[in-house]
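**Student:** coords please:
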Amino acid sequence: MRRSCWIASSSSKRSRSLSGPRASNSSTTSCWPSCSAETAVAPERREVWNGEASRLDRALAELGLARSRSRAAELISEGRVRVDGVVVTKHGYRVRSGAALEIEGEDHYVGRAAHKLIAGLDRFAVNPAGRLALDLGASTGGFTQVLLERGAEAVQAIDVGHDQLAPELARDARVRLVEGRNARDLSPENLAADTGIAAAPSLVVADLSFISLTLVLPAIAAVIDREGEAVLLIKPQFEVGRVRDGVVTDPDQWREAILKVLAAARETPLVPVNLAVSPVVGGTGNREFLIHLSATAAADGGDPAEWERRIAEVVSADPVSHAHESRGRGSA
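**Tutor:** Here you go, the predicted model:
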């Protein structure tokens, strides 16, 4: 029996062997643990736009300076794009024919969200190697890419949208892509039917937008392996209700969002293990947090008073300092 007021009883055990076609482990390229410490950065690139007047994000994608329009939008928001030598931060900026577009060197990841998961895996000492993983809110595939690079045997990539996953990931035999599926509607049965894998994932990761994580936790608890664990992003802007400009800046609301997710986890077999601030802010500048949950029956959710202390510590943490700390930790 679990020794914590944070959680309820354990879920039933499900099969852990993969079924259906899958790639051999021999084809898996793992950079665990070295990938997490530092990421190689490409040199600055420059191209001239010779087409008709176009949105900046579209022009970057068509010139191959960004992998997709969504990735282009991220780079623009980060101030890493210049038009004729001037930094432009508006995605819809109209680019004229003959304009010189420059982009700062970026790493090889298909999305900046990859660094959020890297920080969580390192901070929480979670190793994806040899495991079946479930990526909720896969989008362009930043989380999926990290899981594969760290040796995941297969990744079930789920997203409510369509045509977002980077082509190189969509082609990877280890990736089972499911589009148009709302994460809150997942069940062991439809997950198996959608992906062709009967086993329960032993690692669940999530980067979800426009939905409260509290609405998805029951589905995660239903599909995860009895000895599995989850690394999830808490996004306060989707937990505390409507806020000005969609950006939550009040630390009390950050705390409220975390407590709300912890309370929801308490109603499932998932046990809170640890908490951290994400070293990467959201696309609109929102502070985000990483939570580590365990489905293991023997897990101890800890003393609520200790959680209060931990929440206060995380809410007051500097994301930049946390990023440096995560790199320094390596991947123990």
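
**Student:** Strands of the stretch 51-200 of the chain, start to end?
**Tutor:** Remark: strands assigned in the stretch 51-200 of the chain by DSSP state E, counting those that start in this stretch are 54-55, 81-83, 86-87, 94-95, 99-103, 132-136, 154-159, 175-179.

**Student:** Would you mind telling me which of these is nearest Ala114?
**Tutor:** Comparison of the strands of the stretch 51-200 of the chain against Ala114 by Cβ to Cβ identifies strand 132-136 as nearest, at 11.3 Å. C-beta coordinates here come from the backbone N, C-alpha and C atoms, glycine included.

**Student:** Need the winner for burial among the strands of the stretch 51-200 of the chain.
**Tutor:** strand 132-136 (a mean of 28; mean count of other Cβ atoms under 10 Å).

**Student:** So which elements touch that one?
**Tutor:** Other helices and strands packing on strand 132-136, by 3 or more Cβ pairs under 8 Å, 6 or more residues apart in numbering; DSSP states H and E, are helix 142-149, strand 154-159, strand 203-206.

**Student:** how about a cut-off of 10 Å?
**Tutor:** Judged by 3 or more Cβ pairs under 10 Å, 6 or more residues apart in numbering; DSSP states H and E, the packing partners of strand 132-136 are helix 142-149, strand 154-159, strand 175-179, helix 188-195, strand 203-206, helix 217-223, strand 229-234.

**Student:** Out of these, flag the one nearest Leu275.
**Tutor:** Nearest to Leu275, of all these, is strand 229-234, at 8.5 Å by Cβ to Cβ.

**Student:** Direction included, what does the closest one pair up with?
**Tutor:** strand 203-206 (parallel), strand 289-294 (antiparallel) (DSSP bridges).

**Student:** circling back to that earlier point, generate JSON lines for the strands of the stretch 51-200 of the chain, with distance to Leu232 as supplementary columns.
**Tutor:** As requested, the strands of the stretch 51-200 of the chain are exported to JSON lines (distance: least, Cβ to Cβ, whole Å):
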{"stretch": "strand 54-55", "distance to Leu232": "33"}
{"stretch": "strand 81-83", "distance to Leu232": "30"}
{"stretch": "strand 86-87", "distance to Leu232": "33"}
{"stretch": "strand 94-95", "distance to Leu232": "37"}
{"stretch": "strand 99-103", "distance to Leu232": "31"}
{"stretch": "strand 132-136", "distance to Leu232": "8"}
{"stretch": "strand 154-159", "distance to Leu232": "13"}
{"stretch": "strand 175-179", "distance to Leu232": "18"}
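
**Student:** Looking at those, spot the one closest to Gln253.
**Tutor:** strand 132-136 (23.6 Å).

**Student:** okay, the angle between the closest one and helix 188-195?
**Tutor:** Going by axes from the mean of the first three to the mean of the last three Cα atoms, to 10 degrees, strand 132-136 is angled at 90 degrees with respect to helix 188-195.

**Student:** any idea of the angle strand 132-136 forms with strand 154-159?
**Tutor:** Counting by the same axes, to 10 degrees, strand 132-136 lies at 10 degrees to strand 154-159.

**Student:** Pull the contacting residues for Glu308.
**Tutor:** Applying Cβ atoms under 10 Å, 6 or more residues apart in numbering to Glu308 gives the contacts Arg255, Leu259.

**Student:** With Gly302 as the reference, measure out to it.
**Tutor:** 11 Å (Cβ to Cβ, to the nearest Å).
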